[in-house]
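Undergrad: Starting from these lines, generate the structure:
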Amino acid sequence: MGTGTVPAGETALLYTDAGEGPAVLFLHAGVADSRLWRSQFGAIQGFRMVSFDRRGFGRTTLGAERYSDENDAVAVMDHLGIDKAVVVGCSMGGAVAFAMARDHPDRVRGLVLVGADAPGFQPESTWESPEWPLALEAFRAGDMRTVARLDAEIWLAGKDRTLDDIDPELVDLFCDMDLIALENETDRDDLLALPQVDRVPEPAPPSVVIVGAHDLPGLIEAAHHMAGRLSDQPAVVLEGTAHLPSLEVPDRFNTVLSEFLRSL
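TA: Below you'll find the predicted structure:
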């Protein structure tokens, strides 16, 4: 397993590169960093797996210039000599993966969307986590440790569970990743050109959509909608997890991912 950096304007994108075979590019969620994929590297053989910390997450500094996560992802592929990859994106990373499939179809061999929103879709559910307004209040007060803990309730525990149901080591990891993201959030919002996901790529690449059974109900609805738009296979709903199944139920997640990769 190797690590390195890709020059990106005023900063450098820190990446991990492991294995040999067809390439798989992992894009983390907005409450995490590339450690989200720690249980995938080495667990699935026969593929080259690459992840990187997006700007303002994990080990990659934010810088002070306008940027696009989509362009950064393509830059990582170019730097590593990867012409085409299956792109795995969780949450906000899913939006980036989706945009890559639309704008750079020649670079995307397949899509794996995890807990991702669906472009133009309005879910019927209006359920909102009770921790959400508390997290907003703590953020405005600058109490990022409280925000991270509440974010863990929202995204790691999810609906119908509490942090008492979650492995404490995972809670600590989540908070560590989220605190880095939170420290850069305000500046990142000013600099980041958000991926435009207003339409489905045509033709759609081979795709699988995954969502946790305890994720936000609106995102579960979005997963079923997205699966129907992208493939003839229903969304895969993983029990015992919420927004970050690759971290919480890695064996089940890896089984779905491995089956999809080998089907290509």
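
Undergrad: Low-confidence regions, the stretch 101-250 of the chain specifically.
TA: For the stretch 101-250 of the chain, the stretches with pLDDT under 70 are 195-201.

Undergrad: now the helices: where do they sit in it?
TA: 132-140, 144-151, 168-183, 185-191, 217-230, 245-248, 250-263 (DSSP state H, counting those that start in this stretch).

Undergrad: Looking at these, which is nearest to F57?
TA: helix 168-183 (5.5 Å; Cβ to Cβ). Heads up, the C-betas are built off the backbone N, CA and C, glycines and all.

Undergrad: Please work out which of the helices of the stretch 101-250 of the chain is packed deepest.
TA: helix 245-248 (a mean of 26; mean count of other Cβ atoms under 10 Å).

Undergrad: The helices of the stretch 101-250 of the chain into CSV, with extra columns for distance to E70?
TA: Formatted as CSV, the helices of the stretch 101-250 of the chain follow (distance: least, Cβ to Cβ, whole Å):
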stretch, distance to E70
helix 132-140, 26
helix 144-151, 24
helix 168-183, 18
helix 185-191, 14
helix 217-230, 18
helix 245-248, 21
helix 250-263, 22
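
Undergrad: just so I know, which of those helices lies nearest L25?
TA: Closest among those, using Cβ to Cβ: helix 250-263, at 12.1 Å.

Undergrad: Let me know the secondary structure of L25.
TA: strand (DSSP: H, G, I helix; E, B strand; the rest coil).

Undergrad: in the sheet, who's paired with it?
TA: Beta-bridge partners recorded for L25 (DSSP bridges): V50, V87.

Undergrad: quick one, which of the helices of the stretch 101-250 of the chain is nearest to A8?
TA: helix 185-191 (12.1 Å).
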